[in-house]
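Peer 1: Test case, fold it:
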Amino acid sequence: MLRKFFLSLVIFSLLVCPAMASGLRIGTFSKLGISEEEFNRAIRSSSAWNDGRHSRDDVFKFYDTLSSMVLALEKGDVDEIDLPTIVGDYVTRTRPDFKVSCIVPVWPSDLVFGFIKGNGALRDRFNKALQSMKDDGTLEYLQVHFLSGGAREEVQFEKFDAETITVGITGDMPPVDYVSPDGKASGFNIAILSEIAKRLKVNIKLVHIDSGARSSALASGRVDVVFWYYALNGNSQLFDIPEDVITSESYYSWSSYVHLSK
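Peer 2: This next block holds a predicted model:
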């Protein structure tokens, strides 16, 4: 059922894209609920390929990191890459040789924290901290400062004589999840983590992982928390959240993706 919902989201996205050339190779982040082969087979069988906007020869290729996706576009291994608009805007600012070739409206995609099923107590604590940040305006301030304002300063974490929560970060969604070239974590998500740590009076340990390794990192116990996002249509979950993962309440959302070309 989850896979069917996810594919519905993808098909909806493709329907509203303008006409493109035939036989495009499109890089996209690896999906945790479906293989690359299944993803392409399902899209080719959809009506989106019969409306004149897309070719049955188009192929989506999965990449576990933003850097590998950007490198693939740079080298010509793909013709376009598919990114959330806020990430695509960041990439085009830092890579003027890339341009937006297609804007894809989608159902709102919600940014959340992911936890392994069975760790609902930690999820509930994060939800409580997030709600207090919404209530007192802190969440809105951080959104403006790091997303609209483009802040890149290193985020500091206070130390407590308390438990340590390990959080997996990817650096693959700047300026939301951002890691500087010298390895220092910053961005909107990291600032939110710092504030949650203060409110829960816990220590946060950051561990770098690939986007495609988020689920396995949770399942193995390597990390306690990861960043995740999914889309909703009414009350139907449409993004690929594995069955063994539970999520926090949403704290940010976007409603479009972009295809970048060189």
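
Peer 1: Going by C-alpha atoms from here, please, whenever you check contacts or count neighbours.
Peer 2: OK.

Peer 1: F113 and T247 touch, don't they?
Peer 2: Yes - contact status for F113 versus T247: in contact at 5.5 Å, counting by C-alpha atoms under 8 Å.

Peer 1: Overlap of the contact sets of these two?
Peer 2: W228 (C-alpha atoms under 8 Å, 6 or more residues apart in numbering).

Peer 1: So what's the gap between stretch 109-116 and the chain middle?
Peer 2: 9 Å (C-alpha atoms, centre = their mean, to the nearest Å).

Peer 1: typo on my end, it should be stretch 183-201
Peer 2: Distance of stretch 183-201 from the chain centroid (C-alpha atoms, centre = their mean) equals 17 Å.

Peer 1: Identify the residues contacting that stretch?
Peer 2: Under C-alpha under 8 Å, 6+ apart, the answer for stretch 183-201 is 125-126, 129-130, 139, 142-143, 146-147, 151-158, 160, 162, 171, 174-180, 203-204.

Peer 1: out of these, which are buried?
Peer 2: 126, 129-130, 139, 142-143, 146-147, 152, 157, 171, 174-179, 203-204 (16 or more other C-alpha atoms under 10 Å).

Peer 1: Among these, name the ones in strands.
Peer 2: In strands, judged by DSSP state E, the following of the buried ones among the contacts of stretch 183-201 are found: 178-179, 203-204.

Peer 1: so, if you compare those, which one comes nearest to W254?
Peer 2: In terms of C-alpha to C-alpha, no member of those lies closer to W254 than Y178, at 17.1 Å.

Peer 1: in the sheet, who's paired with S109?
Peer 2: Per DSSP bridges, the residues bridged to S109 are A231, W254.

Peer 1: can you pull the pLDDT of it?
Peer 2: Per-residue confidence (pLDDT) for S109: 80.

Peer 1: Verify the contact between it and S253 for me.
Peer 2: Yes - the pair S109 / S253 is scored as a contact, 5.2 Å apart, by C-alpha under 8 Å.

Peer 1: Of these two, which one has the most company?
Peer 2: Taking other C-alpha atoms under 10 Å, S109 and S253 do not tie; S109 has more neighbours (21 against 15).

Peer 1: quick one: the more buried one from A121, how far?
Peer 2: 25 Å (C-alpha to C-alpha, to the nearest Å).

Peer 1: Also S211?
Peer 2: 24 Å.

Peer 1: Ok, G171 next?
Peer 2: 27 Å.

Peer 1: same check, this time on T170
Peer 2: Taken as C-alpha to C-alpha, the span from T170 to A121 is 24 Å.

Peer 1: which of those two has more neighbours?
Peer 2: Legend: neighbour count by other C-alpha under 10 Å for T170 and A121, higher for T170 (24 against 10).

Peer 1: quick one, phi psi at that one?
Peer 2: Main-chain torsions, T170, degrees, to the nearest 10: phi -110, psi -30.

Peer 1: Report the separation between it and T85.
Peer 2: 18 Å.

Peer 1: where does the residue nearest in space to the middle of the chain land in three-state SS?
Peer 2: Per C-alpha atoms, centre = their mean, the C-alpha nearest to the average position across the chain is that of Y229, at 5.3 Å. Assigned with DSSP: H, G, I helix; E, B strand; the rest coil, Y229 falls in the strand class.

Peer 1: For the remainder of this discussion, apply numbering that starts at 58.
Peer 2: Sure thing, new numbering starts at 58, so read that last one as Y286.

Peer 1: looking at it, it is touching P165, isn't it?
Peer 2: No - contact status for Y286 versus P165: not in contact, 10.1 Å apart, counting by C-alpha under 8 Å.

Peer 1: And stretch 141-157, what's buried?
Peer 2: Residues of stretch 141-157 classed as buried: 141-148, 155-157 (neighbour count, 16+ other C-alpha under 10 Å).

Peer 1: Including pLDDT and secondary structure, could the residues you listed go into TSV?
Peer 2: Formatted as TSV, those follow (pLDDT from 0 to 100; DSSP: H, G, I helix; E, B strand; the rest coil):
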residue	pLDDT	secondary structure
P141	88	strand
T142	89	helix
I143	88	helix
V144	91	helix
G145	93	helix
D146	90	helix
Y147	89	helix
V148	93	helix
F155	96	coil
K156	95	strand
V157	94	strand
